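can you look at this prediction? I've put the sequence above it.
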Amino acid sequence: MKYPFGEIESKWQKIWEEKHVYKTNLSDDEKKIYCLVMFIYPSAAKMHIGHWYNYAPTDTWARFKSLNGFNVFEPIGYDAFGLPAENYAIKTGVHPQDSTLKNINDIREMLKRMGGMYDWSAELMTCVPEYYKWNQWLFLQLYKKGLAYRKNAPVNWCPSCKTVLAREQVLGDGSCERCGTTVIQKALTQWFFKITDYADELLDGLNKINWPEKTKAMQFNWIGKSIGTEVDFQIEGHEEKITVFTTRPDTLFGVTYIVLAPEKELVQKITKLEFKEEVNKYIDSIKSLSEVDRTSTVKEKTGVPTGAFAINPVNGERVPIWIADYVLATYGTGYVMAVPAHDERDFEFAKKFNLPIKKVILEPDTEECKELEKAFTDVGVMINSGKYNGLKSDFGIQKISEDLEKQNIGKRTVNYRLRDWLISRQRYWGTPIPIVHCEKCGEVPVPESELPIVLPYNVNFKPDGGSPLASSEEFLHTVCPKCGGPAHRDVDTMDTFVDSSWYYLRYLNPKFKDGMFDKQLADKWTPVDTYVGGAEHAVMHLLYARFIHKFLRDIGLVNSDEPFAKLIHQGTITNQGAKMSKSKGNVVDPNYFLETYGADVFRMYLMFMGPYETGGDWGDKGIVGVDRFVQRLYSIFEAHKNLCKEYPSFEKYNLSEFNASEKNIYRKTNQTIEKVSVEIDNFRFNTAVAALMELLNEIKNLDECRKDFQTFVLERFAILLAPLAPHFAEECWEMLGKDQSIFESKIWFSADKSALTVDEVNIAVQVNGKLRATIRVPFNSDEIFVKDISHKDDHVSKWIEGKTIVKEIFVKNKIFNIVVK
RNA sequence: GCCGAAGUGGCGGAAUUGGUAGACGCGCUGGACUCAAAAUCCAGUGGGGAUUACACCUCGUGCCGGUUCGAGUCCGGCCUUCGGUACCA
């Protein structure tokens, strides 16, 4: 009979639910494992196979750990706020809350159908006040510590979504991550979280976590720590000065001009009257450029002079001040000292605008008078640098910095590429920011007792610019918590990365009322032991979560430094070479496979396809192989119904009492237990499945074995299958005559180590490294014995006859290599 | 451009510290069953050569070189693909 997956899957899902086998007892943390998979974004109604590829293998790992006696907590939830739901509402008129809740219901059904071991009592969604109240509370804590602040800043603005995007949400081609529209620059007053205060700690922490090296490298580069010096330049005819940041103070004598980022306010102040028109024209011309456009290496450099001059503090030279878009207001001080001789960008710029190039570092083995063809950026000997002449330039960096500090015109400092986290969004479907704006008192934080500030249901979320919440009169108007006068609420909402920065703490008790999360549980259960999710989150989400975790530690709420001890990235499943996405229309729907093969075959096939961390292009060719495997097994178990009741197995067998088939099968069974355990433990599901297929091939002669031994083998087979194909394994287990669910009784067998080794091994006999024969010898035979047999072997002797044996290499149980001349 | 990862049969992919390359599966070929087909079962299956047949020989892990008794694995230099990133002063 064909394996009736439909009824069996629903049967066991019902039993698991009734018996609460997935409920984790969080008060017992002795052998705890917090296994977390990145929560799901319910933007599309259906889960596609990419989601399955993420969730099913992780579930297999969690089930494996659970059967091995660990107390595993595996929760699931929904990253429910965000743009797609709102964009969908604008298009169709369906309210984001309604569409999101419906999608969540569909997804929950699918996750249950998949057979996920999720603790449903820990399910959470971020779009409910019970959750986002604590985003607001978190905001207030950051605010109290001065880590949430407002500033006017040039921001990435998506004209289509009419919202500000974080830099990280703008794709490489300058388009909006969510809708694909080209992003423009716009200045707005926005809320920021001061992640830069934690930059150093975020760097140091990378050494303490078991994460993929490449992910750590990406975070390292993203933070981009650089050590340098700030130097003050006086502006001719102005009180103010220009402070530049440089990593090369040794080139200070080579400065031939200064460049300001065009959007800096100072530009307006110092620009000479006759240059104003050109300068403003230039500023206008780059406004439409996205930061990516501005910073493109292929684009020719542009810029205009301001007519103003600065004085070089070390030699009193008068140098012109320019503005150019290659200088960014957001990095360093926004002002750059240009040394064309020793910086590639400055060199290119100076060449184009005929600015002087002054050599101050001499390249080893070159002449001072030789004209530079390109910037020399390495270490050399300082020249044209007054009293520093003759010093090696790397030493000059130290020396000049010291002297600048003594004269109070410079200061050694550290700069980060990392910017503060912009969290304001001019959007409806998110967490309202708990700030009130009062005409008298200015910005006033909402008292904690008044939280949550509930997101109103009735708003106009049409894309007419600005924040939709401003259209809700009752939301907007309030009284000032400080003076009681009329005030209005902040109408922006928070970036959804705030939600995902602490959800792993909330899972431990999503209904907790006395705080953001249950600290007692968090102290016991965090850090998360194993976190699984896509590599696309390598810098954004994973860096923000680390920051928030460290902040929570600093206010005494968690007792660890890092949120995620171990990180695994599942690979991406592509379709015809492209990432699956609704917009590309290449999403593969799992339903066909569920209806044809069932959930277990489908999830096992996903794991069998290849290494979990590699992913790959989707193809369904091989699924029939996994299906055949399951069908064959099903017939075997069907043919041995109630076997364990009639012929109970022994725990251990002695090889000497076995016939040949029994001996082979006993050995293979134990080897498979060993192999599958190690492979699943290391997220190598493909080889675990292959090992089970090998075992199936081996037990073709099962009927030649003693009955109680047949029980022994089939018991183990069912248990080994359980993490991979949980419904099917339960059914097999029951067919054998077992009364209790595998996952209720938590069984895992360990291998009989004495049965792992073999009596005889094949040894490869080589002559000059070429395989000439394989001989079968007793396990652990010594060299003399192997040598004797090898030399007598015809296939070997014909290659060594008449030759001189130079040497012989013997590796026990593996190889015997004869080197002849 | 820079950083990172990867290139193995017709296909997805296996291969402890260097030690019999191609596990497992798909596909394909042949056979059994069947009136026939599907399904199922059995056998074979890297390329080339050679043989009545069994032996057997030879080439082979992107390309070129190196280390070694021995290299998919280590080293040097290329090529290709895929990710990440982009004037960071």
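Happy to help now that I have it.

for the stretch 501-650 of chain A, which residue gets nearest to RNA strand B?
Among all residues of the stretch 501-650 of chain A, A:G625 sits closest to RNA strand B, at 2.2 Å; criterion: Cβ to the nearest atom of the strand. C-beta coordinates here come from the backbone N, C-alpha and C atoms, glycine included.

give the rounded mean pLDDT of the helix or strand that residue falls within.
Counting by DSSP states H and E, the element that carries A:G625 is helix A:623-639. Mean per-residue pLDDT for helix A:623-639: 94.

could you list the buried residues of that helix?
By neighbour count on 16 or more other Cβ atoms under 10 Å, the buried set for helix A:623-639 is A:I623, A:V626, A:D627, A:F629, A:V630, A:Q631, A:R632, A:L633, A:Y634, A:I636, A:F637.

pairing partners for the helix or strand hosting A:A308, with directions?
Take DSSP H and E as the rule and A:A308 turns out to sit in strand A:304-311. Sheet pairing of strand A:304-311 (DSSP bridges) gives strand A:225-235 (antiparallel), strand A:318-323 (antiparallel).

so which of these is the most surrounded?
Among the strands paired with strand A:304-311, strand A:318-323 has the highest mean neighbour count (mean count of other Cβ atoms under 10 Å), at a mean of 20.

partner strands of the helix or strand that comes right after it, parallel or antiparallel?
Next helix or strand after strand A:318-323 toward the C-terminus (DSSP H and E): strand A:335-338. Take DSSP bridges as the rule and strand A:335-338 pairs in its sheet with strand A:257-260 (antiparallel).

distance between the partner strand and the chain's centre?
Centroid separation between strand A:257-260 and its chain, computed with Cα atoms, centre = their mean, to the nearest Å, is 39 Å.

what average pLDDT does that strand get?
94.

stretch A:538-558 too?
Taken as a whole, stretch A:538-558 has a mean pLDDT of 93.

is any residue of it near RNA strand B?
Yes. Interface with RNA strand B: stretch A:538-558 contributes A:A538, A:V539 (Cβ under 7 Å from any atom of the strand).

using PDB, list the CA coordinates for that stretch.
What follows is stretch A:538-558, C-alpha atoms only, in PDB (Å, rounded to 0.1, in the frame of the first residue of the first chain):
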ATOM      1  CA  ALA A 538      24.600  39.900   7.900                       C
ATOM      2  CA  VAL A 539      24.900  43.600   8.700                       C
ATOM      3  CA  MET A 540      21.600  45.300   9.200                       C
ATOM      4  CA  HIS A 541      19.400  43.200  11.500                       C
ATOM      5  CA  LEU A 542      22.300  41.300  13.100                       C
ATOM      6  CA  LEU A 543      24.200  44.500  14.000                       C
ATOM      7  CA  TYR A 544      21.100  46.300  15.300                       C
ATOM      8  CA  ALA A 545      20.200  43.300  17.500                       C
ATOM      9  CA  ARG A 546      23.700  43.100  18.900                       C
ATOM     10  CA  PHE A 547      23.500  46.900  19.700                       C
ATOM     11  CA  ILE A 548      20.200  46.700  21.400                       C
ATOM     12  CA  HIS A 549      21.300  43.600  23.400                       C
ATOM     13  CA  LYS A 550      24.300  45.500  24.700                       C
ATOM     14  CA  PHE A 551      22.200  48.400  25.600                       C
ATOM     15  CA  LEU A 552      19.700  46.200  27.500                       C
ATOM     16  CA  ARG A 553      22.700  44.700  29.300                       C
ATOM     17  CA  ASP A 554      23.800  48.200  30.300                       C
ATOM     18  CA  ILE A 555      20.500  49.000  31.800                       C
ATOM     19  CA  GLY A 556      20.600  45.700  33.700                       C
ATOM     20  CA  LEU A 557      18.000  43.700  31.800                       C
ATOM     21  CA  VAL A 558      20.100  41.000  30.300                       C
END
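
now it: buried residues?
If you call a residue buried by 16+ other Cβ under 10 Å, then stretch A:538-558 has these buried ones: A:538-553, A:557-558.

that older thread, contacting residues for the residue of the stretch 501-650 of chain A closest to RNA strand B?
Each residue near A:G625 by Cβ atoms under 8 Å, 6 or more residues apart in numbering is listed here: A:F608.

just send the strands paired with strand A:304-311 back as CSV, with distance to A:V820 and mean pLDDT too.
Shown next, in CSV, are those (distance: least, Cβ to Cβ, whole Å; pLDDT from 0 to 100):
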stretch, distance to A:V820, mean pLDDT
strand A:225-235, 60, 92
strand A:318-323, 76, 95
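
so which of these comes closest to A:Q740?
strand A:225-235 (56.3 Å; Cβ to Cβ).

can you pull out the helices in the stretch 151-300 of chain A?
With DSSP state H, counting those that start in this stretch, the ranges of helices along the stretch 151-300 of chain A come out as A:199-205, A:213-223, A:265-270, A:276-287, A:291-294.

those helices: lowest mean pLDDT?
helix A:291-294 (a mean of 68).

surely A:F785 and A:V777 touch.
Yes. At 6.8 Å, A:F785 counts as touching A:V777 under the criterion of Cβ atoms under 8 Å.

who's more crowded, those two?
A:V777 (17 against 12; other Cβ atoms under 10 Å).

what sits against the more buried one?
Listed by Cβ under 8 Å, 6+ apart, the contact partners of A:V777 are A:E760, A:V761, A:I763, A:F785, A:V786, A:I789.

can you map out the helices along the stretch 601-750 of chain A?
A:623-639, A:643-646, A:660-681, A:685-698, A:707-721, A:726-735, A:742-745.

wait, does the fourth one contact RNA strand B?
Yes. Contact between helix A:685-698 and RNA strand B is present through A:N686, A:T687, A:V689, A:A690, A:M693, A:E694, A:L696, A:N697 (criterion: Cβ under 7 Å from any atom of the strand).

is it possible to get TSV of the strands paired with strand A:304-311 that adds distance to A:V360?
Below are the strands paired with strand A:304-311 laid out as TSV (distance: least, Cβ to Cβ, whole Å):
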stretch	distance to A:V360
strand A:225-235	15
strand A:318-323	14
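
let's have the ones you listed in CSV, adding distance to RNA strand B.
Compiled in CSV, those are given as follows (distance: least, Cβ to the nearest atom of the strand, whole Å):
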stretch, distance to RNA strand B
strand A:225-235, 4
strand A:318-323, 12
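
wait, which of those is closest to A:K668?
Ranking the strands paired with strand A:304-311 by proximity to A:K668 (Cβ to Cβ) places strand A:225-235 first, at 54.3 Å.

what about A:K770, neighbour count?
Number of residues near A:K770 (other Cβ under 10 Å) recorded here: 8.

ok, now the one 5 residues further on?
Number of residues near A:I775 (other Cβ under 10 Å) recorded here: 18.

that one belongs to a helix?
No. Counting by DSSP: H, G, I helix; E, B strand; the rest coil, A:I775 is not found in a helix; it is strand.

show me what contacts it?
A:I775 neighbours (Cβ under 8 Å, 6+ apart): A:N762, A:I763, A:V765, A:V786, A:I789, A:S790, A:D793.

ok, and what's touching the helix or strand harbouring A:A764?
Using DSSP H and E, the element containing A:A764 is strand A:760-767. With contact meaning Cβ under 8 Å, 6+ apart, strand A:760-767 is reached by A:771-779, A:781, A:786, A:790, A:793, A:795-796, A:799-800, A:813-820.

so is it next to RNA strand B?
Yes. Counting by Cβ under 7 Å from any atom of the strand, contacts between strand A:760-767 and RNA strand B involve A:V761, A:N762, A:I763, A:A764, A:Q766.

of those, buried ones?
Taking 16+ other Cβ under 10 Å as the criterion, what is buried in those is A:V761, A:I763, A:Q766.
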